[in-house]
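**Student:** What follows is a predicted protein model with its sequence.
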Amino acid sequence: MQYNHIEIEKKWQKEWSQRQTFKADNNSDKPKYYVLDMFPYPSGAGLHVGHPLGYIASDIYARYKRHKGFNVLHPQGYDSFGLPAEQYAIQTGQHPAKTTEVNIATYRKQLDKIGFSFDWSREVRTSSPEYYKWTQWIFIQLFNSWYNKDTDKAEAIDSLIATFETAGNTEVNAVADEDIVGFSAQEWNQFSSTKQQEILLQYRLTFLSDTEVNWCPALGTVLANDEIVNGVSERGGHPVVRKKMTQWSMRISAYAQRLLDGLNTIDWPQPLKDSQTNWIGRSQGAMVSFDVDGYDAKIEVFTTRPDTIFGVSFMTLAPEHELVSQIVAEDKRAEVEAYIEATAKRSERDRMADVKTISGVFTGVYAIHPFSGEKVQIWIGDYVLASYGTGAVMAVPCGDQRDYDFAKHFGIEIPNIFENVDISEAAHADKEGTVIANSDFLSGLKYKKAVKLAIYELEKRGLGYGKINYRLRDAVFSRQRYWGEPFPVYYKDGMPQMIEAKHLPIELPEVEKYLPTEDGKPPLGNADVWAWDSENAKVVSNNLINNETIFPLELNTMPGWAGSSWYFNRYMDANNATEFASKEALDYWKEVDLYIGGSEHATGHLLYARFWQKFLFDRGILPVDEFAKKLINQGMILGTSAFVYRLEYEPSTKILDLERTIEGSIQVKPIFISKKLANLSVEELKEELDSNYEKIIRKGLSEFLTDEANSIDISEMYYTFRLTPIHADVSLVNTADELDVEAFKNWREEYKNAEFILEEGVYKVGREVEKMSKSKYNVVNPDQICEEYGADSLRLFEMFLGPLEQAKPWKTSGISGVHSFLKKLWKLYHNGETFEVSDADPTKEELKTLHKTIKKVEEDIENFSFNTSVSTFMIAVNELTSQKCNKRAILEPLAVLVSPYAPHIAEELWEKLGNTESIATAAFPVFEASHLVESSKEYPISFNGKRRFNMELSLDLSKEEIEKAVMSHEKTQAQLQGRTPKKVIIVPGKIINIVG
RNA sequence: GCUCGAGUGGCGGAAUUGGUAGACGCGCUGGAUUCAAAAUCCAGUUCUUUCGGGAGUGUGGGUUCGAUUCCCACCUCGAGUACCA
């Protein structure tokens, strides 16, 4: 009986689905284990072989854990709100919900073919109202919360209101807006309701504010910092400009420190932790306030080096700083205004790209040094960023390279405050081992002590205070898009009002057009039925808006990261219609034990999700404050692109003359040159083609060439050709890199008449490893692989490719290895055409093979070293084949070992072995060390650390006996050539090394 | 620039605490089987060699009886980040 992967896989995929084999139970005596994949965005292109890599790994682990007796939760779903569906809608008018549904169906079909053990009964879609109802609900919780620094957690806004009513806000220690004005309880109680709401908005964890945002005109929307790469949009690469807009924001900055601290409690990859640490950007220092000479103003700066305060020789303000328009000497005003105007024109991107050019302008005004009382110049310079710290710096040119460069450029004094340090060439930024000098009370101190003392003095004299600053900015939460979660918000007297949770979800309205409105409102501005009737608690027509009972609804939608910031909790109780998830389910599953996904989410999804988790934990909704204990980033599978080499040449004057005579342009056929010839240098190619170059060039000329044309000398063309590599679709190329020439001609209209210069009768393509992408025609579809080799082969091969976390190229030719392994495995259980296993006792050797395999595979899975266990299986099957083993006692446990990797074939063999329950329920074989005990060892005999030969010796021998046996060996004597060894190292059971 | 990570045959990669470098697979070479092909099986495949052996894990040094593994310097590639005061 042949191994028929198509039948077997179809059969078991159906069985698993019908029997609900992988449905997880929220009640179980078994210990729980939660394995999660980052859910996909269902794009129209479908899956390529790179996508399932992480899913295969997590599936192996999930199946392994089931064998190990765990109650495993292994769900899957779709992150189905997003820009591509919306852009498709703009182009075609097709409703994004429709497109999304079609794409999801395609994804599901593709995923099912690979045989994953997902519990589909828990599927979530971020774009379904049943799901985003709870995303909206979380938004309301955030709105109704504030961050209490005293308790260091988020609390209900009611507790803040209560405090305001009894004590005002002066004693409140909150993370809130910076420009909060103090008030007493009495004042609070006399404020109008609108005024109170305005104040509360400054404290809420999600709040409206006029913020400078990254506006992308091409996409018509605001982008978060992590959606911008190198100053242009991540999607599409469109330019991004700064713009002020009223937007919802999330006060993630409240959690900066806890997001940092939490990293120490979770097992995530170090590079990912590093990039989150970087992104949060904690820096410890001090706030210092400088008086401005002759003005009633203070300049506040943040510095990490208060120890260098006596090195301050000037100050620099960002051009956007609020004081720049006020503190300008009259004779400098024109110059300053010109400078500000010039910098405003430059986009953020230009400023970032052009770090070298130093520019700035002196305001003509001076600040007073807080300690020395000396006057220091106040400059404006665009190397100071408005968005970090206070948008102003105290410049210490001797200790900071940027200040140094600025001072040098403008001829500002550079006082040296370091002992025995030369600053004639560059600033001295080193902290450790440097002693401060010329600094009054700080002189003679080292960095750490000087910082402490400086802060102490600042605080004592009321000039400043110690402070920790974070780079992490509050996250803008509004998007001017259609295909996202609507906010559960309406506006009354210009103030946002939350819709009561019991009326959720607020579903996306229908719109005519998915574009922004003509007056620049977001797409929801096109909706006719988008007003909130607060009396009847429903969405009604805009015509009814009276601003008394019926109000306009929010027009923005939520960003992509909203739905993905909590979905892992929803899986725990995915079909709960009355709650976010039941308390029992949340307490049972708690957190994700293993999370697998790409590293590109390091500072987006993974940071926001941790933020929401901590918030929901604070508010008592979740039992833990980190959502994923362990995380693994799978590496990317790269494509192997195929290249054809097109010969292009400039028409010679002769040809041009000819064109004139026949009154038309001469059609030139595309000519492609096979790889070997294309790799030659131009000179070599000339030589190679010498005898028949004319024939080749002539081949490229169109058929309608006249006899006259055929007779012309085209030798000049010979010198002007060049080769252009062009991507060819990898499906047109076989595993031997040979191009299917006819298929290639039909691939593109323009290649219909192409000519090919072959090598050894075939056209060979060039290969190069690149990211898998449609535009590079190097995408390999998993469906085809499943069809041809089977899902089990695909799963094994993806694992066999290399370490999970590493990027590695895909080469379809390699799959034959794992496929023939499966055929060999199948054969072990068969005698010719019939299934046959023996109940006889296994031999020592057979048991040794089995237990060695159990040990290695178990270790490998625990270490996520899936590639090496595939080789272990191959070794085991090769050994059992040569042992001619068909013993049930060996083959039954072997099927279980293989089943996480190749579940279909394992399940089939398991059934043939007479089992009625799914192999998924079988216990993992137990390793017994006794089967691996050896009596002798093939010792490597090394001379000066280099192995020269091997020698079989009993493990019972003493060191002396071993040495005697080795020294008397003839090869030892040959190696030594009469010399006496200086030393003989014997590590019993390991190695023997002779030195001399 | 800064911070990580990685360099091993023609290719993907293995060597888990320093102990036989190149497991396993692809590819390639030769052979068997076949009318032929596919499939399958067998043998070989780091380089070099005077067939004794010798060299060899990016380069140079170091520690060690012994280094792909640890330390120092450098080179190359990849990823992230970028005027963060």
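**Tutor:** Looks like it arrived, so ask away.

**Student:** Give me the buried positions along stretch A:248-267.
**Tutor:** A:248-256, A:258-260, A:262-263, A:266 (16 or more other C-beta atoms under 10 Å). Where C-beta positions appear, they are placed from N, C-alpha and C, glycine not excepted.

**Student:** What about the residues you listed, which are in strands?
**Tutor:** Cross-referencing the buried residues of stretch A:248-267 against strands under DSSP state E gives A:248-250.

**Student:** Tell me the spatial nearest neighbour of residue A:114, not counting adjacent residues.
**Tutor:** On the basis of C-beta to C-beta, 6 or more residues apart in numbering, the spatially nearest residue to residue A:114 that is not a chain neighbour turns out to be residue A:791, at 4.9 Å.

**Student:** Burial check on the residue lying closest to residue A:400 once chain neighbours are set aside, number of neighbours?
**Tutor:** Nearest residue to residue A:400 in three dimensions, chain neighbours excluded: residue A:427, at 5.5 Å (C-beta to C-beta, 6+ apart). The local packing count at residue A:427 equals 22, with neighbours defined by other C-beta atoms under 10 Å.

**Student:** Three-state assignment for residue A:427, please.
**Tutor:** Three-state call for residue A:427 (DSSP: H, G, I helix; E, B strand; the rest coil): coil.

**Student:** Return the distance of stretch A:125-138 from the chain's centre.
**Tutor:** For stretch A:125-138, the separation from the chain centroid amounts to 24 Å (computed by C-alpha atoms, centre = their mean, to the nearest Å).

**Student:** Most proximal residue of the stretch 651-800 of chain A with respect to RNA strand B?
**Tutor:** Nearest to RNA strand B in the stretch 651-800 of chain A, going by C-beta to the nearest atom of the strand, is residue A:736, at a distance of 5.4 Å.

**Student:** Dig out what residue A:991 forms beta bridges with.
**Tutor:** Listed by DSSP bridges, the beta-bridge partners for residue A:991 are residue A:987.

**Student:** quick one: contacts for whichever residue of the stretch 701-850 of chain A sits closest to RNA strand B?
**Tutor:** Across the stretch 701-850 of chain A, no residue is closer to RNA strand B than residue A:817, which sits at 2.3 Å (C-beta to the nearest atom of the strand). Taking C-beta atoms under 8 Å, 6 or more residues apart in numbering as the definition of contact, the neighbours of residue A:817 are A:797, A:800.

**Student:** In three-state terms, label it for me.
**Tutor:** In terms of secondary structure, residue A:817 is helix; the call rests on three-state DSSP.

**Student:** Give me the pLDDT for it.
**Tutor:** Residue A:817 carries a pLDDT score of 92 in this model.

**Student:** now residue A:866
**Tutor:** Note on residue A:866: pLDDT of 94.

**Student:** Torsion angles phi and psi at it?
**Tutor:** Note on residue A:866: backbone dihedrals following degrees, to the nearest 10 are phi -70, psi -30.

**Student:** for the closest residue to it other than its chain neighbours, phi and psi?
**Tutor:** The shortest distance from residue A:866 to any residue that is not its chain neighbour, by C-beta to C-beta, 6+ apart, is 4.1 Å, and that residue is residue A:799. The phi/psi pair for residue A:799 (degrees, to the nearest 10) reads phi -70, psi -40.

**Student:** returning to what we had before: can I assume the residue nearest to residue A:400 is in contact with residue A:397?
**Tutor:** Yes: in this structure, residue A:427 is within contact of residue A:397 by C-beta atoms under 8 Å, at 6.5 Å.

**Student:** Find residues that contact each of these two.
**Tutor:** A:403-404.

**Student:** how close does whichever residue of the stretch 451-600 of chain A sits closest to RNA strand B sit to residue A:276?
**Tutor:** For the stretch 451-600 of chain A, the residue positioned closest to RNA strand B under C-beta to the nearest atom of the strand is residue A:471, at a distance of 3.6 Å. Distance check for residue A:471 against residue A:276: by C-beta to C-beta, to the nearest Å, it reads 11 Å.

**Student:** of these two, who's got more company?
**Tutor:** For residue A:471 versus residue A:276, the count of surrounding residues by other C-beta under 10 Å is larger for residue A:276: 20 against 16.

**Student:** helix, strand or coil for the residue nearest to that one when sequence neighbours are not counted?
**Tutor:** In space, and not counting its chain neighbours, residue A:276 is closest to residue A:607: 5.9 Å by C-beta to C-beta, 6+ apart. With three-state DSSP as the basis, residue A:607 sits in helix.

**Student:** Now for residue A:607: which residues touch it?
**Tutor:** A:252, A:259, A:276, A:279.

**Student:** Which ones among those also lie next to RNA strand B?
**Tutor:** Judged by C-beta under 7 Å from any atom of the strand, the overlap between the contacts of residue A:607 and the neighbourhood of RNA strand B comprises residue A:279.

**Student:** Show me the two of the contacts of residue A:607 that sit farthest apart.
**Tutor:** Within the contacts of residue A:607, two members stand farthest from each other by C-beta to C-beta: A:252 and A:276, at 12.0 Å.

**Student:** Overlap in contacts, those two.
**Tutor:** Taking C-beta under 8 Å, 6+ apart as the contact rule, the neighbours common to residue A:252 and residue A:276 are A:259, A:607.
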